[in-house]
Structures are given as structure tokens and as C-alpha cells.
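Asks: model the structure of this input:
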Amino acid sequence: MRSVEVDLAAIRSNYQLLKNTFAPAKVMAVVKANAYGHGMLQVAKALESAGVDALGVADVQEAISLRMSGIKSRIVCWLILPSDLELAADHDIEVGISTFEQLAAVTENNKIHIKLDTGLGRNGFAEADLDRLVSELSGREVVGIFSHLSNTSETEDRVQKDKFDQAVDKIRRAGVAFTERHLAASAASISYSDFHYEMVRCGIAVYGLTPFEDRELPLALQPAMRVVAKLVNVKKVSAGQGVSYGYRYVTDKPTTLGLVPFGYGEGMPRISVGHSVLIAGKLYPVVGRVAMDQFVVDLAGDEPAIGEDVVIFGLPARGEPTAEQLGQSSQSINYEIVTRIGGRANRVYLNR
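Replies: Residues are numbered from 1 along each chain as shown. Presented below is the predicted three-dimensional model:
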């Protein structure tokens with residue numbers, strides 16, 4: 001009745017394209033938040049089979065779940081507590097260090113990346129911390145130094161890059177050795193070749209989706225997720241028929257309405273307005289308020305068969321609606337759409 005199709009072959013292909021595009025830089029594939037809704041373990045296994053350089057997750061719990069499932073690749077995480085460091089060392093998990101409290105808890109068995117706050121205002125050592133940081137790094141082994149961009153504009157990105165370069169230079173001149181710098185996520189990796197350093201971190205691009213809200217994706221990446229439900233009801237209604245809670249939509253002429261069993265319980269945004277779905281090769285608008293279990297489409301008098309596939313989003317090359325379009329309909333972005341999709345939907349893993 002409801003399915004989330006994930007094409008692992010597309011994910012491997014996307015990763016290889018990113019590797020080829022950004023070489024000689026390594027590419028960390030970010031699989032946090034259940035691989036952006038695609039299935040963390042299945043995606044990690046697919047990427048490991050493709051020779052992934054490193055996997056990125058948010059926290060130690062995600063990293064350990066990968067290790068316990070047999071993943072051998074490098075894993076890096078960056079949202080941690082000092083108490084996580086012993087577990088990280090036990091499971092060969094590299095960690096991002098952002099505070100002096102974390103740094104004080106580091107043991108000789110930890111593999112660490114130092115995070116710098118170059119302007120995002122989140123995790124990381126501030127510019128004012130650098131003198132103390134350099135002093136406390138003396139004699140320690142450091143794998144990498146990294147930061148994260150705000151993606152506000154090219155001007156702001158380059159301000160952050162300059163701050164990053166200056167801080168890295170100061171750390172290097174103090175005699176602290178490290179092997180990797182990484183600053184760029186998907187958007188900056190694609191936009192600026194001089195932001196690649198030794199490694200880039202790609203999340204949304206691995207799944208074939210664009211990190212940009214204002215322009216097309218310049219790489220031939222393939223969306224890996226396709227969300228489909230079955231049409232469960234078709235009914236004829238008169239003009240003036242209210243549809244769903246609050247009658248946000250009222251028919252202005254006789255029509256047919258279709259019922260789709262996919263609601264906000266599956267991640268279909270309740271506030272979505274203006275999204276269209278594909279049924280039997282034709283786009284139809286979603287009308288009325290999305291409910292917990294279902295939504296309604298105006299079929300404009302058509303009567304597709306009960307059980308017909310309803311593509312909520314999928315592959316634009318086939319003329320299907322996209323995750324970006326569903327995000328726009330709900331004042332959100334494709335990242336949030338794919339990460340939240342699931343609920344009672346059955347996940348199906350493909351190798352097209």
C-alpha cells in the first residue's frame with residue numbers, strides 16, 4: 001500500500017561520480033539521520049562495497065550501530081560528550097573535538113579531528129580560543145582539522161574559508177601535525193574547487209539530491225529515493241464538496257476525488273499546499289489538508305483504477321514529482337522531506 005524505494009546502485013553511482021569530480025580529495029559520505037532517511041546500514045554497506053573513503057555520522061551511537069553491524073570503513077562523528085570518548089576509542093571511531101572539556105577527555109587511543117567555528121555559531125573552537133587550543137594540542141596526534149559553512153553566499157563562504165586557512169596556518173606553525181583538512185559539504189564541494197583540501201564531506205549529493213535552493217544541480221546525480229502509494233478510493237462529487245479537515249479546499253465543479261493512504265504519519269507534510277502527484281502518467285494536485293493517514297487528490301473527472309500507483313516523489317527523468325517540489329510546497333527543503341519519510345511505509349531496496 002505504501003513503499004519507499006531506495007536504489008542502492010544509484011547511491012554507489014553518485015558516490016563514484018563525486019569521487020571522480022573531486023579527486024584527488026577524499027570524499028566522506030555522510031550517512032547520519034538514517035542516511036537522510038534512506039537507511040543507514042543498507043547505504044553504509046553499499047558504500048563500503050564501493051570503497052568509500054570515510055563515513056560520517058552525527059553521534060557515537062550512530063557510529064557504534066554501524067560497527068556492530070559489521071561496517072569496517074572509517075567512521076567520523078562530531079556531536080559528542082566527553083563521556084563518549086572511551087566508547088569511540090573502543091570501536092575505532094574518529095571524533096570531532098569542539099570544546100576544551102572534550103579535549104581534556106581525549107586519550108591516546110582516540111583519533112581526533114579539531115573543529116573550528118569559522119562563523120556558523122555552532123560547534124567548534126572560536127578564534128579567541130586558538131592560543132589556548134594550540135598550547136593544549138602540543139604533543140597530541142591529530143587526524144584532521146575541519147569546519148562547516150553557513151552556505152549564506154559566496155562572499156560569506158569565502159570569509160569563513162579565510163578564517164579557516166588562518167587558523168589552520170597558526171596551528172601548523174605551532175608544530176601540530178595533521179593529515180586532513182575538510183571544510184566543504186555538498187554545496188561548497190560542487191561550487192568551489194579551492195575548498196576541497198584533502199577531503200570533502202558529501203551528504204545530500206550522495207542521495208542524488210541538490211543542495212541548492214536557487215539553481216540546478218550541475219552534476220548528473222540520480223535521486224535514490226522514490227515514494228509510492230496505492231490509490232484506495234475514487235469517488236464522484238458535486239460542486240461545493242468540502243475536502244478534508246477545515247475545508248481548506250472546496251470543489252468548484254463536479255469532479256472525482258482520489259484517496260491516497262499516505263499522511264503525515266509517513267512524513268507527508270501537513271502544511272503542504274500545491275504539490276502534485278503522478279497517477280497513470282498524469283499529474284494531479286493534492287487538495288485539502290493532509291491528514292495523519294491519508295491525503296486527497298482532485299482527479300478532474302478522471303477515474304483511474306483502484307490500486308493504481310501514486311508517485312508522491314521520485315525520478316524527474318521519468319516526469320515524476322521531486323522531493324524538492326514537495327519541500328517547496330511545505331516551505332521546507334528536500335533534506336527534511338527525505339529524512340522524515342517513512343512511518344508505516346515499507347522500505348524496498350533496489351539495485352537498478
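Asks: how about the helices in the protein?
Replies: Applying DSSP state H to the chain gives helices spanning 8-22, 32-36, 40-49, 60-68, 85-90, 100-105, 130-137, 154-173, 186-191, 323-329, 334-340.
Asks: okay, the ones you listed in JSON lines with distance to residue 296 and mean neighbour count next?
Replies: Every residue, glycine included, has its C-beta placed from N, CA and C. Shown next, in JSON lines, are those (distance: least, Cβ to Cβ, whole Å; neighbours: other Cβ atoms under 10 Å):
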{"stretch": "helix 8-22", "distance to residue 296": "31", "mean neighbour count": "20"}
{"stretch": "helix 32-36", "distance to residue 296": "28", "mean neighbour count": "21"}
{"stretch": "helix 40-49", "distance to residue 296": "33", "mean neighbour count": "20"}
{"stretch": "helix 60-68", "distance to residue 296": "37", "mean neighbour count": "18"}
{"stretch": "helix 85-90", "distance to residue 296": "48", "mean neighbour count": "18"}
{"stretch": "helix 100-105", "distance to residue 296": "50", "mean neighbour count": "15"}
{"stretch": "helix 130-137", "distance to residue 296": "57", "mean neighbour count": "15"}
{"stretch": "helix 154-173", "distance to residue 296": "42", "mean neighbour count": "16"}
{"stretch": "helix 186-191", "distance to residue 296": "35", "mean neighbour count": "22"}
{"stretch": "helix 323-329", "distance to residue 296": "15", "mean neighbour count": "21"}
{"stretch": "helix 334-340", "distance to residue 296": "20", "mean neighbour count": "22"}
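Asks: which one, of these, ends up nearest to residue 122?
Replies: Ranking the helices of the chain by proximity to residue 122 (Cβ to Cβ) places helix 154-173 first, at 12.3 Å.
Asks: could you dump stretch 121-134 to CSV, C-alpha only?
Replies: Extracted as CSV, the C-alpha positions of stretch 121-134 are listed here (Å, rounded to 0.1, in the frame of the first residue of the first chain):
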residue,chain,number,x,y,z
GLY,A,121,28.0,29.8,15.5
ARG,A,122,27.6,26.2,16.4
ASN,A,123,30.2,23.6,17.5
GLY,A,124,33.9,24.4,17.3
PHE,A,125,36.7,26.4,18.8
ALA,A,126,36.3,30.1,18.3
GLU,A,127,39.1,32.4,17.1
ALA,A,128,39.6,33.6,20.7
ASP,A,129,40.4,30.0,21.7
LEU,A,130,43.2,29.5,19.3
ASP,A,131,46.2,30.3,21.5
ARG,A,132,45.0,28.0,24.3
LEU,A,133,44.0,25.4,21.7
VAL,A,134,47.4,25.4,20.2
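Asks: quick one: contacts of that stretch?
Replies: 78-79, 96, 98-100, 103, 114-118, 147-148, 163, 167, 170-171, 174, 176 (Cβ atoms under 8 Å, 6 or more residues apart in numbering).
Asks: again, only this time at 10 Å
Replies: Under the criterion Cβ atoms under 10 Å, 6 or more residues apart in numbering, residues 78-80, 96-100, 102-103, 114-119, 136, 145-148, 150, 163, 166-167, 170-176 lie in contact with stretch 121-134.
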